[in-house]
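would you be able to build a 3D model of this:
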Amino acid sequence: MLKPLDLVVLAGLIVVPKPTTQAQLASRLGISQASVHRAFKQLRRSGLLHIERPDGSAMRRLLQYAIRNVYPPALGPMTRGVSTAYVRRTPWEQAPDRRGWVWPDEDGDAYGPSVAPLHPCVPRAARAWPEFHDLMALIDTLRVGRARERKQALDLVDEILEAAQ
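Next up, the predicted model:
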């Protein structure tokens with residue numbers, strides 16, 4: 001069974017400059033190399049990783065059809081944090097009276113309703129790694145967004161997956 005960290009590792013693997021090692025990916029994500037190794041094993045078993053390369057079509061299916069149900073968002077109160085979901089990277093306009101979602105983080109520069117990240121390493125890694133931040137924010141849009149926002153986020157995910165191939 002996939003753990004949330006497995007999806008975080010997969011997202012990191014998609015946007016990390018190639019070639020990379022498990023140790024380098026672990027360092028960028030701020031997790032142990034053993035955690036990355038375990039995630040790789042599970043991603044292979046799940047068909048999301050083939051010979052150290054992500055399967056973009058399998059990931060897209062997971063994000064399109066299952067992400068909201070497999071990893072439902074844990075929503076919380078207004079807090080300081082790192083921006084996520086559609087406020088991070090979006091071509092659409094935000095309603096002026098609507099604050100964007102944030103991952104709770106005391107070092108964050110945004111304020112809004114909180115959504116728990118898939119793994120505690122996400123906010124710190126996102127602050128240091130813009131490409132990872134973009135992809136994780138799009139994944140959160142698929143978890144918390146409305147239908148139109150989810151459609152647009154999926155189109156942007158497709159662009160990222162195509163660029164990674």
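
helix, strand, or coil at the residue nearest to the spatial centre of the chain?
The C-alpha lying nearest the average C-alpha coordinate of the chain belongs to Met136 (CA atoms, centre = their mean; 2.1 Å). The three-state label given to Met136 by DSSP: H, G, I helix; E, B strand; the rest coil is helix.

residues contacting it?
Val8, Ala11, Thr84, Pro117, Leu118, Val122, Ala126 (CB atoms under 8 Å, 6 or more residues apart in numbering). To be clear about C-beta, it is placed using only N, CA and C from the backbone, and glycine gets the same treatment.

state the pLDDT value of it.
At Met136, the model reports a pLDDT of 96.

list the buried residues of the lengthiest helix in the chain.
Secondary structure assigned by DSSP state H gives helix 147-164 as the longest helix of the chain. Residues Glu149, Arg150, Gln152, Ala153, Leu154, Leu156, Val157, Ile160, Leu161, Ala164 are the ones in helix 147-164 that count as buried (16 or more other CB atoms under 10 Å).

which one of those is nearest Glu52?
Distance to Glu52, by CB to CB, is smallest for Ala164 among the buried residues of helix 147-164, at 12.8 Å.

so what pLDDT did the spatially closest residue to the closest one that is not a sequence neighbour get?
Leaving aside its sequence neighbours, Ala164 sits nearest to Ile14 (CB to CB, 6 or more residues apart in numbering; 4.8 Å). Looking at Ile14, its pLDDT is 95.

same question, Pro96
At Pro96, the model reports a pLDDT of 45.

one more: Trp101?
Note on Trp101: pLDDT of 91.

tally of neighbours for the residue lying closest to it once chain neighbours are set aside?
Excluding the flanking residues, the one nearest Trp101 by CB to CB, 6+ apart is Ala85, at 4.1 Å. Per other CB atoms under 10 Å, the neighbour tally for Ala85 reads 27.

and Ala85, what does it touch?
Shown in contact with Ala85 (CB under 8 Å, 6+ apart): Gly100, Trp101, Val115, Ala137, Asp140, Thr141, Arg143, Val144, Gly145, Glu149.

list of residues touching the longest helix of the chain?
Helix 147-164 is contacted from outside by 14-15, 54, 56, 59-60, 63-64, 85-86, 89-92, 134-135, 138-139, 141-142, 145, using CB under 8 Å, 6+ apart.

again, but for stretch 63-70
Leu2, Leu62, Ile139, Leu142, Arg143, Leu154, Val157.
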